[in-house]
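S.K.: Sequence first, then the predicted structure, then my questions.
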Amino acid sequence: MVATHLGRLGLHAEESGFHSPTIDEFFPEPFLFAGTPFAINRVILIRLLAVIAIALIFGLYAKRAKLVPGRAQAAVEAMLDFVREQIGYEIIGREKADRYLPMLATLFIGIFFMNITGIIPGLQLASTSIIGMPLIYALFAYFGFIIAGIRVHGVGHYFRSQLMPAAVPKVMYVLMTPIELLSNFIIRPVTLMVRLLANMVSGHILLVLAFAGTHALYLSMGGLKGIAFGTLTLGAGVAFIMFELFVSALQAYIFALLAAVYISLSIEEH
């Protein structure tokens, strides 16, 4: 894992000193179909691998599901039950949540798998650390809660209830409607996107800095001092890997949870 990070940073054994990561790491050159709309670089490849992993895991689960589950089936069902109980039923309610569970499960599982590519040896870059995937998931949630509201209330009543709160005097609509428009239809998807992106970018940078520091200390400082400090940064890197696993799950949960909150606000009576 360390060697892969160092290779991407262009650090070689004969070089000395510390080399911090650059923005170029998030925008690698394409190695297939360059110059076409179908260009594939390292980031796109990692995303494709994450999608393939999801398809294989859940395809096998659907095909081989048994009444008495084995370990693999139990793990998949635990993930789905978590989305249903802790996100869908907890936020939207048992009576209304079932319709939206596929969407919430897609968000939670998709984001989690895209996040954990940042700590998988050989991949080591979260698919959500480049703005494309956070934007797509944010738009998916955005249109999801709007469509949910329209299906329950109709187009006119939904947008009127979102932009013109019933308890507010009509004279205040001149002030309130732009605020509600900004809050409900602009800030929500932007904050979903930025929160996920910022957390995954910062986690990746922490990992790279820890392992690049280990390389520099071991090779440049040398001696017992270099070994001691290098071992500390190596230990910090391993700790950050464990922390990033937690953050990957946490950010997937927060994203799906907020999507459920927005759905609930869209479909409730005003």
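M.R.: Ah, there it is.

S.K.: ok, how many other residues are close to F108?
M.R.: 25 (other Cβ atoms under 10 Å). C-beta: built from backbone N, CA, C; applies to glycine.

S.K.: May I have stretch 61-78 as CSV, with CA atoms only?
M.R.: Written as CSV, here are the backbone C-alpha positions of stretch 61-78 (Å, rounded to 0.1, in the frame of the first residue of the first chain):
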residue,chain,number,x,y,z
TYR,A,61,-26.9,-12.5,-3.0
ALA,A,62,-30.1,-12.4,-5.1
LYS,A,63,-29.2,-15.7,-6.8
ARG,A,64,-28.1,-17.7,-3.8
ALA,A,65,-30.3,-16.3,-1.0
LYS,A,66,-31.4,-19.0,1.4
LEU,A,67,-33.9,-19.1,4.2
VAL,A,68,-31.0,-19.7,6.7
PRO,A,69,-28.4,-17.2,5.6
GLY,A,70,-24.7,-17.9,5.6
ARG,A,71,-22.1,-15.3,6.6
ALA,A,72,-22.0,-13.5,3.3
GLN,A,73,-25.8,-13.4,3.0
ALA,A,74,-26.1,-12.3,6.6
ALA,A,75,-23.7,-9.4,6.0
VAL,A,76,-25.6,-8.2,2.9
GLU,A,77,-28.9,-8.5,4.8
ALA,A,78,-27.5,-6.6,7.8
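
S.K.: Any buried residues in it, and which?
M.R.: Y61, V76 (16 or more other Cβ atoms under 10 Å).

S.K.: Just the terminal-to-terminal distance for stretch 209-225.
M.R.: 19 Å (Cα to Cα, to the nearest Å).

S.K.: Please work out the average pLDDT along that stretch.
M.R.: Stretch 209-225 comes out with an average pLDDT of 74.

S.K.: Show me how far that stretch is from its chain's centre.
M.R.: Once both centres are worked out by Cα atoms, centre = their mean, to the nearest Å, stretch 209-225 turns out to sit 31 Å from its chain's centre.

S.K.: same thing with stretch 112-132?
M.R.: 9 Å.

S.K.: next one: stretch 186-196
M.R.: 12 Å.
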